[in-house]
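Sequence plus predicted model, see below.
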Amino acid sequence: MTRCRLGWIWGLIGVLATLGSGQENPTLPALPVTPPDEPAKASLISQHEGLIPGQAALLGVRFQLASGWHIYWDGLNDSGLPPMFSWTLPEGYEVGPVMWPAPHRYILGDRDLLDHVLEGDVLAVVPIRVPDRAKPGDRVRIRVRADWLVCQAACIPGRANLSIDLPVLTDTTQNPESRWAHLFQEALKRVPRAWSPASGIALSWSGRTLEVHGERGSHMEFYPHADSAPLADRFDSTVSDSGTLRLTVEDGDRLIGVLRVHPPGERSRQILGLNLPIGSTRQAPDTNRFGWLDPEGKLNPMADTGGTP
Amino acid sequence: MKRANRLLAVLALGISSLALAAAPPPAPGAAQNRDGFDVGQKVQPFVLRDTEGKEHDLQKYLDEGKVVVLEWFNPDCPFVKMHHTGERNMSRTYAFAREHGVVWLAINSGAPGKQGAGLDRNRRAKEEYKIAYPILLDESGKVGRMFGAKTTPDMRIISKDGILVYRGAIDNGGTREGRRLPMAERTNYVIEALKAHLAGETVKQAKTRPYGCSVKY
């Protein structure tokens, strides 16, 4: 098996991996850090008990936030900063894009600020590629330094050096789920799927305005990603109860973000990732870097597209 | 102008009532939405009192031919703390401004009772952080909203003609790349903007995304 097979994860994340594997810079400016008993608790967990050579393992940085406190999604926010991870991995291991759940809108003051935040028990799922040559029987230590900002009325920066030890196993038959597996299941339900026409949500451009059409009466919200071109009106154009959203994009060449659709009645909601060049309804080629699922909800959206193994 | 377009777009979408209800009525030359004065716009003057009771009139500084820097401030925000201690990013930036005859005003737009607000706290903070310039109190949040200040810190540079020439972050510490750099290796947007503006050039990065705590309106 070659690296190409996992191109969806590994092709576009060289930068992340490079940043993560470096030594910590002692002169790195750091926010004054909070004592350990504060409103956010972080831990590093694994979906399975062990690692399989040549496969992607799912780890997760879990934030347990006290009621009323939030951390920041990597959106077009007016304040705050999203968590930052610096990984220290054994040689040959690589880290994929963080799979964040869809955020919520958070409006402050008299509609002075709009942020996109995560609350409660938040799991940032992170795929780790185990190299082909990983040796069964070895125990591997994976470390991450997490830096975050947790806010209620006031903000408190937090930091933790987290680690997990996992055995390298020979094959999947002997790799049981860990006691945290249910958290991964729940978290992945909240990770966006890349939008496709099969979702039943129709997209069309009219100039620089993207029209989003769902079932009449659907509640829709759009959360612009930090890398998106700004929207003409983030406060009001991004929420609708009519089943239609009109998102007008200002200067910039890409509309990127997450769409939440609740159809009328009790039917299940959809969470869709959009990464569209202005005027186009084809997802841009770098869509995998956002850590979304594929349109069918599978973890491995574009396996084998990186080349022929 | 971009902000005008933004407003037109809002109107065109037929959702103006909500958007305008929350915005202050536009005054001549004033901000036309909650993002405040945009780069290239003429700002509206203001008068605020500092922690020593002294009045500061923006128009007076402009009449004296001064370029003015505004720094949104909250002594208890960790980002403010970070920029005012350690490598003293803020005072280094201020030192550059002062050498070039630029006026620097910190503004706290926190409402009474909110974190970091109030005369006493800010008077103490001036000592604590050894801040050499005045800290103005804007407890009603009027000036903060007029300028669309979102975070602490959040920076503005005003030309002597009263035109906004820079708005946004002090440096690129809010970007994915910049966050990982020591402060001395970051791009200091305020110094870069001042250098260009004082040399009579156009500011290249005139608008950046500020990062920090929310302003406690």
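Here it is on my side, so go on.

ok now do residue 204, which residues does it touch?
I'll assume chain A. Taking C-beta atoms under 8 Å, 6 or more residues apart in numbering or on different chains as the criterion, residue A:204 is in contact with A:210-211, A:213, A:281. Using the backbone N, CA and C atoms, a C-beta is placed for each residue, glycine as well.

Switch to chain B, please.
Residue B:204 neighbours (C-beta under 8 Å, 6+ apart): B:192, B:196.

What distance do you get for it to residue A:268?
Residue B:204 is 48 Å from residue A:268, where distance means C-beta to C-beta, to the nearest Å.

can you check residue A:117 too?
23 Å.

So which residues make contact with the helix or strand hosting residue B:69?
Using DSSP states H and E, residue B:69 falls within strand B:68-72. The contact list for strand B:68-72 (C-beta under 8 Å, 6+ apart) reads B:58, B:61-62, B:90, B:94, B:97, B:102-109, B:144, B:147, B:149, B:151-158, B:170, B:190, B:194, B:215.

ok, now which ones touch the residue nearest in space to the middle of chain B?
Nearest to the geometric centre of chain B sits residue B:155, at 3.3 Å (C-alpha atoms, centre = their mean). Shown in contact with residue B:155 (C-beta under 8 Å, 6+ apart): B:69-72, B:166-170, B:189-190, B:210.

again, 7 Å this time
Counting by C-beta atoms under 7 Å, 6 or more residues apart in numbering or on different chains, residue B:155 touches B:69-71, B:166, B:168-170, B:190.

what would those residues look like in TSV with neighbour count and pLDDT?
Putting those into TSV (neighbours: other C-beta atoms under 10 Å in any protein chain shown; pLDDT from 0 to 100) gives the following:
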residue	neighbour count	pLDDT
B:69	23	98
B:70	26	98
B:71	28	98
B:166	23	98
B:168	23	97
B:169	24	97
B:170	25	97
B:190	27	98
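
out of those residues, who's nearest residue A:291?
Distance to residue A:291, by C-beta to C-beta, is smallest for residue B:169 among these, at 25.6 Å.

pLDDT weak spots in the chain?
Unless you meant another one, I'm taking chain A. A:1-37, A:300-309 (pLDDT under 70).

looking at chain B here, not the other one
For chain B (pLDDT under 70), the answer is B:1-33.

Roughly how far does the closest residue to residue A:181 other than its chain neighbours sit from residue B:98?
In this structure, residue A:181 finds its nearest non-sequential neighbour in residue A:47, 5.5 Å apart by C-beta to C-beta, 6 or more residues apart in numbering or on different chains. Computed as C-beta to C-beta, the residue A:47 to residue B:98 distance reads 55 Å.

Tell me which of the two has more neighbours.
residue A:47 (22 against 15; other C-beta atoms under 10 Å in any protein chain shown).

pretty sure the more buried one contacts residue A:182?
No - here residue A:47 does not reach residue A:182: they are 9.8 Å apart, not a contact under C-beta atoms under 7 Å.

Give me the domain ranges for chain B.
The record's domain parsing of chain B by automatic domain parsing lists B:1-34, B:36-214.

Most tightly packed of those?
domain B:36-214 (a mean of 19; mean count of other C-beta atoms under 10 Å in any protein chain shown).

pretty sure residue B:187 is in contact with residue B:173, am I right?
No - Residue B:187 is beyond contact range of residue B:173, at 9.2 Å (criterion: C-beta under 7 Å).

near chain B, which residues of the stretch 51-200 of chain A?
The stretch 51-200 of chain A has residues A:78-79, A:81, A:84, A:108-113, A:153-157 near chain B, with proximity defined as C-beta under 7 Å from any C-beta of the partner chain.

repeat that with 6 Å
A:78-79, A:81, A:84, A:108-109, A:111-113, A:154-155, A:157 (C-beta under 6 Å from any C-beta of the partner chain).

tell me the contacts of residue A:188?
If you count contacts by C-beta atoms under 6 Å, 6 or more residues apart in numbering or on different chains, residue A:188 has none.

ok now do residue 77, which residues does it touch?
Using chain A. A:115-116.

think we crossed wires, I meant chain B
Residue B:77 is in contact with B:152, B:213, counting by C-beta under 6 Å, 6+ apart.

State the distance from it to residue A:217.
42 Å.

repeat for residue A:41
40 Å.

Which one of the two is surrounded by more residues?
Neighbours were counted for residue A:41 and for residue A:217 using other C-beta under 10 Å; residue A:41 has more, 16 against 12.

what residues are up against that one?
residue A:64.

May I have the secondary structure class of it?
strand (DSSP: H, G, I helix; E, B strand; the rest coil).

mind checking the SS state of residue A:203?
Residue A:203 ends up strand, using three-state DSSP.

List the pairing partners of the strand holding residue B:69 within its sheet, with orientation.
Next to strand B:68-72 in the sheet, as set by DSSP bridges, lie strand B:103-108 (parallel), strand B:155-158 (antiparallel).

After the first one, which helix or strand is next?
In the C-terminal direction, the helix or strand that comes right after strand B:103-108 (DSSP H and E) is helix B:119-128.

If I take that following helix and strand B:103-108, what angle do their directions form?
Here helix B:119-128 runs at 130 degrees with respect to strand B:103-108, directions being taken by axes from the mean of the first three to the mean of the last three C-alpha atoms, to 10 degrees.

quick one: residue B:79 and residue B:210 touch, right?
No - in this structure, residue B:79 is not within contact of residue B:210 by C-beta atoms under 6 Å, at 9.6 Å.

that older thread, more neighbours, residue A:117 and residue A:268?
Between residue A:117 and residue A:268, counted using other C-beta under 10 Å, the more crowded position is residue A:117 (21 against 8).

residue boundaries of the helices in chain B?
B:2-12, B:16-21, B:58-63, B:78-84, B:89-99, B:119-128, B:142-146, B:189-198 (DSSP state H).

Touching the third one from outside, list them.
Read that as helix B:58-63. Residues contacting helix B:58-63 (C-beta under 6 Å, 6+ apart): B:45-46, B:68, B:103, B:160, B:162.

likewise the fifth one?
Applying C-beta under 6 Å, 6+ apart, the set of residues contacting helix B:89-99 from outside is B:69, B:83-84, B:104, B:183, B:190-191.

Identify, from the residues you listed, the entry nearest to residue A:177.
Nearest to residue A:177, judged by C-beta to C-beta, of these is residue B:183 at 44.0 Å.

With residue B:173 as the reference, measure out to the closest one.
Distance, residue B:183 to residue B:173, using C-beta to C-beta: 7 Å.

Overlap of the contact sets of those two?
By C-beta under 6 Å, 6+ apart, no residue touches both residue B:183 and residue B:173.

tally of neighbours for residue A:278?
15.

if we can go back for a sec, take the domains of chain B and lay them out in JSON lines including distance to residue A:274.
Listed next are the domains of chain B as JSON lines, based on distance: least, C-beta to C-beta, whole Å:
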{"stretch": "domain B:1-34", "distance to residue A:274": "19"}
{"stretch": "domain B:36-214", "distance to residue A:274": "20"}
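
Kindly indicate which of the contacts of helix B:89-99 lies nearest chain A.
Nearest to chain A among the contacts of helix B:89-99, counting by C-beta to the nearest C-beta, is residue B:183 at 4.8 Å.
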